[in-house]
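Chemist: What follows is a predicted structure for the sequence shown.
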Amino acid sequence: MACDKSGRLAVLIDADNAQPAIIEGILSEIAQYGTASVRRIYGDWTSTALKSWKELLLQHSIQPIQQFGYTKGKNATDSAMIIDAMDLLYTGKFDGFCIVSSDSDFTKLASRLRESGLTVYGFGEKKTPSPFVSACDKFIYTELLRAKINDNEVIVKKTAAELKMDSKLV
């Protein structure tokens, strides 16, 4: 399914291990592989650390899944993502999964999804442990997506009309 743009994909985002600034790049990359039929993001939405996600969730129709951090240092969010992924797997409606996290806790999940014949796309930072990277069919480093976004911003930063109005250029 590497380039089958008609494939149905489930996108699961670990809000604790993903940056809001990169979401547009991630969704653009995912569109090259198929249709993001399910878009979910997991975290403790009562936390001020996740406030910067709010507008992006509305813009991109990403469903926030509340997971309270009942015990400090435990991975309640990861567990919720894994359970949802297995529930989605058993529906039989998906061709692949996109797991957005730099966390090695998803290594076994990626392996299990692949064993079921689904394609797994991983997205995370270069610090992502190699077992998770290797467990995915394809792993995209978010730093590369961030660089693409920054390059595009330079190219399309100002329109011709805006440049004509820029007194610093005259």
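Modeler: Perfect, thanks for sending it. These numbers were taken from a predicted model, which means no experiment stands behind them.
Chemist: In contact with the spatially most central residue of the chain: list those residues for me.
Modeler: Closest residue to the average C-alpha location of the chain: Val100 at 3.8 Å, with CA atoms, centre = their mean. Contact partners of Val100, counting by CB atoms under 8 Å, 6 or more residues apart in numbering, are 11-14, 17-18, 26, 122-124. C-betas here are computed from N, CA, C, even on glycine.
Chemist: what do you get for Pro129?
Modeler: With contact taken as CB under 8 Å, 6+ apart, Pro129 is in contact with 104, 107.
Chemist: at 7 Å instead, please
Modeler: For Pro129, the contacting residues are Ser104, by CB atoms under 7 Å, 6 or more residues apart in numbering.
Chemist: where does it land on pLDDT?
Modeler: Note on Pro129: pLDDT of 95.
Chemist: Any figure for the gap between Leu88 and Tyr141?
Modeler: Taking CB to CB, to the nearest Å as the measure, Leu88 falls 25 Å from Tyr141.
Chemist: do Ala21 as well
Modeler: 15 Å.
Chemist: How about Asp84?
Modeler: Going from Asp84 to Tyr141 by CB to CB gives 24 Å.
Chemist: What of Pro64?
Modeler: Going from Pro64 to Tyr141 by CB to CB gives 25 Å.
Chemist: packing partners for the lengthiest strand in the chain?
Modeler: Ranked by residue count and defined by DSSP state E, the top strand of the chain is strand 35-43. The contact analysis (3 or more CB pairs under 7 Å, 6 or more residues apart in numbering; DSSP states H and E) places strand 35-43 against strand 8-14, strand 63-66, helix 76-91.
Chemist: Could you count how many residues lie near Ile22?
Modeler: The tally of other residues near Ile22 (other CB atoms under 10 Å) stands at 19.
Chemist: and the residue nearest to it when sequence neighbours are not counted, what does it touch?
Modeler: Nearest residue to Ile22, sequence neighbours excluded (CB to CB, 6 or more residues apart in numbering): Thr142, at 4.9 Å. Applying CB under 7 Å, 6+ apart, we find Thr142 in contact with 22, 123-125.
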